[in-house]
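Participant: Structural data only, the sequence is not supplied:
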């Protein structure tokens, strides 16, 4: 039998495989009754209730991000877990990346509310691309996306497109040089999964990225996913502590 190009199988192919396994199947047509109901106008009270519930759904990721941030900052997980990552995974089923996304999304959402945005993101995916911009450009990007999506709330794809346009108009020079020690920030990059807060040394630099030597090999990282580490400052502080002993 010729190999199909997709992962889907026809009913005949499925039957053939099941028969070969000694478990023949019989496909039966099931009648489906389509019920159509004319839309019914909501009462004033129902409209108010719907709006309240929709606001709750829209703020769910924001409230989750605030809660996770407080749990992390106050280390309220320490009684049962050694790390915040383990706590999030076992208690909520969140990976480190997911928890970080929610925390960052909550910060950006709050930033948008304090800058006069009337239409706000309804989910975390719409906010993710904004983390690639500095705070002063996040409001600009979101406002532009809202205008382009009018009257709907912009999708994550549209927000990402606007963010990319802004980054092209306002290119950021690479602030790093060979030999700099930096810390990796995952943000929304799945290629950096498991590297959050890992240290590395810059081996080479490009226009918007650096090749960083990490403990498990070299890695190309965009500058927005790097944070400088002032090793000299830490060394001076350590020396001061030793001299006071």
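Facilitator: Received the coordinates, thanks. Remember, predicted model here, so these are calculated numbers, not experimental data.
Participant: C-alpha only now, for contacts and for neighbours.
Facilitator: Noted.
Participant: could you pull out the strands for this structure?
Facilitator: Secondary structure of the chain by DSSP state E: the strands cover 181-184, 199-205, 209-214, 217-222, 226-228.
Participant: out of those, nearest to residue 191?
Facilitator: Closest of these to residue 191 is strand 217-222, at 9.4 Å (criterion: C-alpha to C-alpha).
Participant: Report the angle between that closest one and strand 209-214.
Facilitator: 150 degrees (axes from the mean of the first three to the mean of the last three C-alpha atoms, to 10 degrees).
Participant: Could you take the strands of the chain and lay them out as TSV, with extra columns for distance to residue 59, mean neighbour count and mean pLDDT?
Facilitator: Listed next are the strands of the chain as TSV, based on distance: least, C-alpha to C-alpha, whole Å; neighbours: other C-alpha atoms under 10 Å; pLDDT from 0 to 100:
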stretch	distance to residue 59	mean neighbour count	mean pLDDT
strand 181-184	29	21	91
strand 199-205	34	19	88
strand 209-214	34	20	88
strand 217-222	31	16	86
strand 226-228	30	18	88
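Participant: so which of the ones you listed gets nearest residue 93?
Facilitator: Proximity to residue 93 (C-alpha to C-alpha) singles out strand 181-184 among those, at 23.6 Å.
Participant: buried ones in the helix ranked longest in the chain?
Facilitator: Counting by DSSP state H, the longest helix found in the chain is helix 44-73. By neighbour count on 16 or more other C-alpha atoms under 10 Å, the buried set for helix 44-73 is 58-59, 61-62, 65-66, 68-69, 71-72.
Participant: swap in stretch 120-139?
Facilitator: 120-133, 137-139.
Participant: Mind listing residues that contact it?
Facilitator: With contact meaning C-alpha atoms under 8 Å, 6 or more residues apart in numbering, stretch 120-139 is reached by 57-59, 61, 101-102, 104-105, 108-109, 111-113, 115, 117, 141-142, 153-157, 159-160, 163, 167, 187-188, 224.
Participant: And those residues, which of them are buried?
Facilitator: Neighbour-count burial (16+ other C-alpha under 10 Å) applied to the contacts of stretch 120-139 gives 58-59, 61, 101-102, 104-105, 108-109, 111-112, 141-142, 153-156, 159-160, 163, 187-188, 224.
Participant: Grab the nearest non-local neighbour of residue 143.
Facilitator: residue 117 (7.3 Å; C-alpha to C-alpha, 6 or more residues apart in numbering).
Participant: returning to what we had before: let me have the strands of the chain in CSV, adding distance to residue 173 as columns.
Facilitator: Listed next are the strands of the chain as CSV, based on distance: least, C-alpha to C-alpha, whole Å:
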stretch, distance to residue 173
strand 181-184, 16
strand 199-205, 11
strand 209-214, 10
strand 217-222, 11
strand 226-228, 13
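Participant: Quick one: closest of the ones you listed to residue 147.
Facilitator: Proximity to residue 147, assessed across those by C-alpha to C-alpha, is greatest for strand 217-222 (29.1 Å).
Participant: Can you list the helices and strands that the closest one packs against?
Facilitator: Judged by 3 or more C-alpha pairs under 8 Å, 6 or more residues apart in numbering; DSSP states H and E, the packing partners of strand 217-222 are strand 209-214.
Participant: what does the strand it packs on contact?
Facilitator: With C-alpha under 8 Å, 6+ apart as the contact definition, strand 209-214 has outside contacts at 174, 176, 198-205, 218-223.
Participant: if you set the cut-off to 10 Å instead, what comes out?
Facilitator: Residues from elsewhere that reach strand 209-214, judged by C-alpha atoms under 10 Å, 6 or more residues apart in numbering: 173-184, 195, 198-205, 218-226.
Participant: any idea how far residue 138 is from the residue nearest to residue 143?
Facilitator: The gap separating residue 117 from residue 138 is 11 Å, by C-alpha to C-alpha, to the nearest Å.
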